[in-house]
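Chemist: Here is a sequence with its predicted model. Questions after.
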Amino acid sequence: MAGMKIGELATASATAVDTIRHYEREGLLPPPARTAANYRDYDAAHLQRLQFIRACRGLDMSLDEIRLLLRHRDAPQADCGEVNAVLDAHIAHVAQRVRDLKALEKDLRALRAACAGDGADAACGILQGLQAQGRGARQRRGVHS
């Protein structure tokens with residue numbers, strides 16, 4: 001698959017054109033050759049690299065993490081210890097986010113339990129709870145209304 005224009009690469013990789021340009025600006029995707037008409041001219045290597053990047057993004061990896069993984073992908077003889085360290089750090093980050101989301105779910109469930117749903121909005125426990133949380137957040141930041 002040689003000689004693809006950016007739209008064709010976008011279609012082949014299920015990636016938005018703007019995202020492809022962004023990856024180029026970030027140095028994740030090397031600049032392609034240009035045609036005589038100055039169109040970008042992508043090849044199969046670009047598609048494979050873009051698919052790798054998309055797989056990493058699908059795992060919610062940051063561009064910096066992907067950049068490091070690409071360096072190792074481009075140097076297959078290198079030791080993969082750093083690759084393992086990147087993945088271990090990413091797993092720890094994801095685990096922390098899961099804990100944060102579980103705490104958020106608990107808070108939301110408690111808020112939902114504050115309202116039976118059959119009264120006037122003025123007596124709604126959810127709305128009152130959100131208002132109280134808003135006041136508490138302002139007070140913690142030292143902001144007064």
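Modeler: Good, I have the coordinates. Numbers count the residues shown, from 1 in each chain.
Chemist: Let me see the ranges of the helices in the protein.
Modeler: Counting by DSSP state H, one finds helices in the chain at the ranges 6-13, 17-25, 44-58, 63-73, 81-113, 125-141.
Chemist: tell me how far the fifth one is from the chain's mean position?
Modeler: Just to be clear, that refers to helix 81-113. The gap between the average C-alpha position of helix 81-113 and the chain average comes to 14 Å, counting by CA atoms, centre = their mean, to the nearest Å.
Chemist: rewinding a little: between the helices of the chain, which one is nearest to Ala36?
Modeler: Distances from Ala36 to each of the helices of the chain were compared using CB to CB; the shortest belongs to helix 6-13, at 16.2 Å. Any C-beta I mention is one placed from the backbone N, CA and C, and that applies to glycine too.
Chemist: Grab the most central residue of this structure for me.
Modeler: Central residue of the chain (CA atoms, centre = their mean): Asp60, 4.7 Å from the mean position.
Chemist: separation between the closest residue to that residue other than its chain neighbours and Ser62?
Modeler: Nearest-residue entry for Asp60: Val94, 7.0 Å, with adjacent residues in sequence omitted and distances by CB to CB, 6 or more residues apart in numbering. When CB to CB, to the nearest Å is applied, the distance between Val94 and Ser62 equals 12 Å.
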